[in-house]
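>>> here's a sequence, model it:
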Amino acid sequence: MKKLNKAALLLAGVVAMGASVAANAGGDVAAGKAKAAVCAGCHGPAGVAVIPTYPNLAGQNEAYLVSALKAYKNKERNGGQAMIMQGQAAALNDADIANVAAYFSSLK
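Numbering: from 1, shown residues only. Down below sits the predicted model:
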């Protein structure tokens, strides 16, 4: 019985975490497109990188983009071009991050 309760609690925690991520998703694509204009210099106007060592953002998972931008903003993500991205992300608020993520994830 105790094992069943622990498994149920674990499952409930996983479901709650998933719901939290989903609740944070769903930014405004049009607002994200406007805010992402500055990103085009490295990531291309359609989210396809113009520099081979930079990532393509078109079609990327929205929750991943939100997580990555927040990590850059909080200086938790380092290495590579992190200093550039930390500076870019520092200017974004949570709504901006959600919008930019929605925009790039909408591109195919």
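
>>> I'd like the distance between Gly32 and Ala101.
The span separating Gly32 from Ala101 equals 7 Å under the rule CB to CB, to the nearest Å. C-beta here means a position set from N, CA and C on the backbone, and glycine is covered the same way.

>>> these two - which one has more neighbours?
Per other CB atoms under 10 Å, whichever of Gly32 and Ala101 has more neighbours is Ala101, with 29 against 24.

>>> so the nearest residue to the more buried one once chain neighbours are set aside is in which element?
Nearest residue to Ala101, sequence neighbours excluded (CB to CB, 6 or more residues apart in numbering): Leu65, at 3.7 Å. Element membership for Leu65 (DSSP states H and E) is helix 62-73.

>>> dump the residue contacts of the residue nearest to Ala101.
With contact set as CB atoms under 8 Å, 6 or more residues apart in numbering, Leu65 has these partners: 57, 100-101, 104-105.

>>> drop anything exposed from these.
Taking 16 or more other CB atoms under 10 Å as the criterion, what is buried in those is 57, 100-101, 104-105.

>>> in helices, which of the contacts of Leu65 appear?
Within those, residues falling in helices by DSSP state H are 100-101, 104-105.

>>> could the residues you listed go into CSV alongside distance to Tyr72 and pLDDT?
Written out in CSV, the entries for the ones in helices among the contacts of Leu65 read as follows (distance: CB to CB, whole Å; pLDDT from 0 to 100):
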residue, distance to Tyr72, pLDDT
Val100, 12, 98
Ala101, 12, 98
Phe104, 14, 98
Ser105, 17, 98
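
>>> closest to Val48 among the residues you listed?
Nearest to Val48 out of the ones in helices among the contacts of Leu65 is Phe104 (CB to CB; 10.6 Å).

>>> strands along the chain, start to end?
For the chain, strands defined by DSSP state E do not occur.

>>> quick one: low-confidence ranges for it?
1-25 (pLDDT under 70).

>>> go again with 50.
Low-confidence regions of the chain, defined by pLDDT under 50, span residues 1, 4, 7-24.

>>> how many neighbours does the closest residue to Leu69 other than its chain neighbours have?
Once its chain neighbours are removed from consideration, Leu69 has its nearest residue in Ile97; the separation is 4.6 Å (CB to CB, 6+ apart). Burial of Ile97, expressed as a neighbour count using other CB under 10 Å, amounts to 23.
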